[in-house]
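K.L.:
Structure, please.
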Amino acid sequence: MLDEFARYTALQRDQAPLASLLIYLRRKGGYVQLNQIWREMGPTGGGPFWNQTTLINKLDKLERLEIVFVERRILPSPRAEAKKKTNTFYRINPETAVYPYIFSMLRIFQEKPQRYSSELVDRPLERLCLLAGRSSGADPMLGRELDAAMELIGEVFSVGADEVRRMVKERMESKGMIKGRKREKESLLADESGVSERGAASAKKSLRPSQKRKKIKESADDDTGR
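P.N.:
Reported below is the predicted structural model:
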């Protein structure tokens, strides 16, 4: 499937429409009606498709490649309830090899503080095939998604793998998902202090009256001896 998809993408003079369509379906996740796709990906929504035939042709090809699922549902006509109309819905296939890397076709950049935007990279479909091909032998989907995310972060911020890990770790610490070394050390010291205080208090409580009298007597004998 991946080889056939790579051959198909190589025929695309303009890779942006197909790449944008894949990203759109990936973001939607579930089934999306064809009319909605055309409305949002066509000229009305400022999308890359200028005629519906081109859009349908690409969706049909993606269906044959098993990259998208198609479902046809019979729904009441909005104009006349007595009439029935067949509506076509599309959903991206999460099991396909390219699925974890679809967002890697985007370059993220910072517009303002705490505000980010994205745009397609150059030759996005080639990049998608390259990343999917590299990990075609890797089995767990989660591992491939994490690798792609780490690589994407590195490219966005122009940093190496070690710096990416540090950034991710700091983010997790700020979210309270993990404890940093400093916090962990402080927490450990606090725990040890609490344990020692509780131990001392417990030892005081555990002294029997006879032991207390014995201690007082020993103290008095010491004073007499002096």
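
K.L.:
in terms of contact, does Phe89 touch Asn35 like I think?
P.N.:
No. Phe89 lies out of contact with Asn35 (CB atoms under 8 Å); the separation is 9.8 Å. Just so you know, the C-beta spots here come from the backbone N, C-alpha and C atoms, and that holds for glycine as well.

K.L.:
What are the boundaries of the strands in this structure?
P.N.:
32-33, 68-76, 84-92, 106-112, 115-120 (DSSP state E).

K.L.:
Quick one, which of these gets closest to Lys61.
P.N.:
Relative to Lys61, the nearest member of the strands of the chain by CB to CB is strand 68-76, separated by 9.4 Å.

K.L.:
Deepest-packed of the strands of the chain, please.
P.N.:
Greatest average neighbour count among the strands of the chain goes to strand 32-33 (a mean of 18), per mean count of other CB atoms under 10 Å.

K.L.:
Against which helices or strands is that strand packed?
P.N.:
Helices and strands touching strand 32-33, by 3 or more CB pairs under 8 Å, 6 or more residues apart in numbering; DSSP states H and E, are strand 84-92.

K.L.:
helices and strands around the strand it packs on, which ones?
P.N.:
Using 3+ CB pairs under 8 Å, 6+ apart: strand 84-92 touches helix 16-28, strand 32-33, helix 34-41, strand 68-76.

K.L.:
can those go into JSON lines with extra columns for distance to Gly154?
P.N.:
Listed next are those as JSON lines, based on distance: least, CB to CB, whole Å:
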{"stretch": "helix 16-28", "distance to Gly154": "20"}
{"stretch": "strand 32-33", "distance to Gly154": "32"}
{"stretch": "helix 34-41", "distance to Gly154": "30"}
{"stretch": "strand 68-76", "distance to Gly154": "30"}
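
K.L.:
Residue ranges of each domain in the chain, please.
P.N.:
The chain is divided into the following domains under automatic domain parsing: 2-97, 181-219.

K.L.:
end-to-end on the longest one?
P.N.:
Across domain 2-97, the straight-line distance between its terminal residues is 7 Å, by CA to CA, to the nearest Å.

K.L.:
taking the mean pLDDT, what do you get for that domain?
P.N.:
Rounded to a whole number, the mean pLDDT of domain 2-97 is 90.

K.L.:
Now distance to Met172 too, for the strands of the chain, in JSON lines please.
P.N.:
Putting the strands of the chain into JSON lines (distance: least, CB to CB, whole Å) gives the following:
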{"stretch": "strand 32-33", "distance to Met172": "33"}
{"stretch": "strand 68-76", "distance to Met172": "34"}
{"stretch": "strand 84-92", "distance to Met172": "29"}
{"stretch": "strand 106-112", "distance to Met172": "19"}
{"stretch": "strand 115-120", "distance to Met172": "19"}
